[in-house]
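In: Next one to model:
(one chain, ligands or ions: 2)
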Amino acid sequence: MLSVHGLNQFYGESHTLWDVDLEVPEGGCVCLMGRNGVGKTTLLKTVMGLLPVRSGSIRFGGTELVGRAAELRARLGIGYVPQGRDIFPRLTVEENLQVGLGIGSDRAVLERIFDLFPVLKQMLKRRGGDLSGGQQQQLAIGRALTLKPRLLILDEPTEGIQPNIVREIGDIIRRLNREERLTVLLVEQKLPFARRVGEHFLLLDRGRCVAGDVMSELSDSLVQRYLSV
Ligand SMILES: Nc1ncnc2c1ncn2[C@@H]1O[C@H](COP(=O)(O)OP(=O)(O)OP(=O)(O)O)[C@@H](O)[C@H]1O
Ligand SMILES: [Mg+2]
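Out: Numbering: from 1, shown residues only. Ligands and ions are numbered 1, 2, ... in the order given. Alright, predicted model coming up:
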């Protein structure tokens, strides 16, 4: 569904992604992994059209995305939850969700989001900034779902969140992927979470893909070499 080939990205003179290949099959759940600063967020932002591409291709379905406006991603069905869950802190939960829904809001979509995240329904009038970290993450995921994406991209959805909510978010991503067949690409550093949620992994090291396979093949030696700190 998403195919990245030979992707090179630069921040000014700094070559950050080197010939990166990434394949996310329809219905799959791919976990992008690697230590801090290896380029995981850069890769997602590049896919989302938020950073310029030096060379390479990014195809979604049959459409080449390189050189196309960032907004095209949402229209084609790519939902994105950036690192650090950027919700609107001064808007209420309800208003945050409406930003995604736009005009002609779709009640069924909202009900589905409340079914996944009952806490959001209880806190509709609460300001985003007053929610806990875990609740903000749920709101950020909920907002991405208002666009009814076919592919959901999440950047470290469990960063800085209490363990019980981490578990809940893992359950929800699994449910979206396994039961509702939503295709998922996520960045995750927590190994147990990645193993439980991901079907495939792709390991990055200093901007290069160094390994990728089904999750069961993520060996201790790979973990030692590319993930342990
Ligand atoms: N806006 C920027 N300008 C210049 N260099 C940047 C910029 N953003 C990130 N970098 C650099 O690019 C490299 C990759 O950063 P990136 O944020 O993609 O890593 P990451 O794998 O997502 O790390 P983390 O696990 O900490 O989120 C790092 O060396 C970082 O310092
Ligand atoms: Mg990052």
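In: count of residues packed around residue 207?
Out: Neighbourhood size, residue 207 [other Cβ atoms under 10 Å]: 22. Placement of C-beta: from N, CA and C, glycine included.
In: Please identify the helix or strand for the spatially closest residue to residue 159 that is not a sequence neighbour.
Out: Closest residue to residue 159 apart from its sequence neighbours, by Cβ to Cβ, 6 or more residues apart in numbering: residue 83 at 6.8 Å. Assigned by DSSP states H and E, residue 83 belongs to no helix or strand.
In: what about residue 83, how many neighbours?
Out: Residues near residue 83, counting by other Cβ under 10 Å, number 15.
In: Would you mind listing the residues in contact with the residue nearest to residue 31 when sequence neighbours are not counted?
Out: The shortest distance from residue 31 to any non-neighbouring residue, by Cβ to Cβ, 6+ apart, is to residue 198 (3.2 Å). Contacts for residue 198 (Cβ atoms under 8 Å, 6 or more residues apart in numbering) come out as 29-31, 186, 188, 215.
In: Surely the residue nearest to residue 159 is in contact with residue 156?
Out: Yes. The criterion here is Cβ atoms under 8 Å, and residue 83 meets it with residue 156 at 5.1 Å.
In: Need the overlap of contacts for the two.
Out: Shared contacts of residue 83 and residue 156, defined by Cβ under 8 Å, 6+ apart, comprise residue 187.
In: Nearest to ligand 1 among the contacts of residue 198?
Out: residue 188 (10.0 Å; Cβ to the nearest ligand atom).
In: what does the chain put close to ligand 2?
Out: By Cβ under 5 Å from the ion, the residues of the chain that approach ligand 2 are 40-41, 83.
In: can you map out the strands along the chain?
Out: 2-11, 14-24, 29-33, 55-60, 63-64, 78-81, 151-155, 183-187, 200-205, 208-214 (DSSP state E).
In: Quick check: closest non-adjacent residue to residue 223.
Out: Residue 223 sits nearest to residue 191 (Cβ to Cβ, 6+ apart), 6.7 Å away.
In: re the thing from before, near ligand 1 too, which of the residues of the chain next to ligand 2?
Out: Contacts with ligand 1 within those, counted by Cβ under 6 Å from any ligand atom: 40-41, 83.
In: could you dump those residues to JSON lines with distance to residue 181?
Out: Shown next, in JSON lines, are these (distance: Cβ to Cβ, whole Å):
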{"residue": "40", "distance to residue 181": "25"}
{"residue": "41", "distance to residue 181": "26"}
{"residue": "83", "distance to residue 181": "25"}
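In: Rebuild these as TSV, extending it with distance to residue 151 and pLDDT.
Out: Putting these into TSV (distance: Cβ to Cβ, whole Å; pLDDT from 0 to 100) gives the following:
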residue	distance to residue 151	pLDDT
40	17	98
41	17	97
83	17	92
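In: Closest to ligand 2 out of these?
Out: residue 41 (3.1 Å; Cβ to the ion).
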